[in-house]
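Q: requesting a structural model of the entry that follows:
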Amino acid sequence: MSENVYKELYEANKKLEFMQNTIMAIADRLSVATGIDIKEASMDALLDAVDAKFEVKKEETATDSE
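A: Numbering: from 1, shown residues only. Below is the predicted model of the structure:
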């Protein structure tokens, strides 16, 4: 493989690591906001709890109705 491929792989890995850290930070904040233990909840459960707490009404999408 060429050196360029390794560089692209390294950069992609760094972006992935950044995204994982961002998602975990969001999950931590949702956990604090809802009082739900992050170890016992999925991201969907945390988001649903936030929706319920702030009375957010979900819009029905094409995938929801199927």
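Q: does the top helix by length along the chain pack against any helices or strands, and if so which?
A: For the chain, the helix that runs over the most residues, judged by DSSP state H, is helix 3-34. Helix 3-34 sits against helix 43-53, with contacts defined as 3 or more Cβ pairs under 8 Å, 6 or more residues apart in numbering; DSSP states H and E. Using the backbone N, CA and C atoms, a C-beta is placed for each residue, glycine as well.
Q: contact partners for Thr34?
A: Applying Cβ atoms under 8 Å, 6 or more residues apart in numbering to Thr34 gives the contacts Leu46, Ala49, Val50, Lys53.
Q: quick one: residues contacting the residue most central in space within the chain.
A: Using Cα atoms, centre = their mean, the residue of the chain that lies closest to the mean C-alpha position is Ile23, 4.1 Å off. Residues counted as contacts of Ile23 (Cβ under 8 Å, 6+ apart) are Met43.
Q: now it: how far from Met43?
A: To Met43, Ile23 is 8 Å away according to Cβ to Cβ, to the nearest Å.
Q: follow-up on the earlier one: using JSON lines, lay out the contacts of Thr34 together with neighbour count.
A: Below are the contacts of Thr34 laid out as JSON lines (neighbours: other Cβ atoms under 10 Å):
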{"residue": "Leu46", "neighbour count": "20"}
{"residue": "Ala49", "neighbour count": "17"}
{"residue": "Val50", "neighbour count": "15"}
{"residue": "Lys53", "neighbour count": "11"}
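Q: Met43 touches Met24, doesn't it?
A: No. Contact criterion Cβ atoms under 8 Å: Met43 and Met24 do not qualify, at 10.2 Å.
Q: can you pull out the low-pLDDT segments for the protein?
A: 1, 61-66 (pLDDT under 70).
Q: what helix or strand does Lys57 sit in?
A: For Lys57, there is no helix or strand it lies in under DSSP states H and E.
Q: give me the neighbour count for it.
A: Close neighbours of Lys57, defined as other Cβ atoms under 10 Å, add up to 6.
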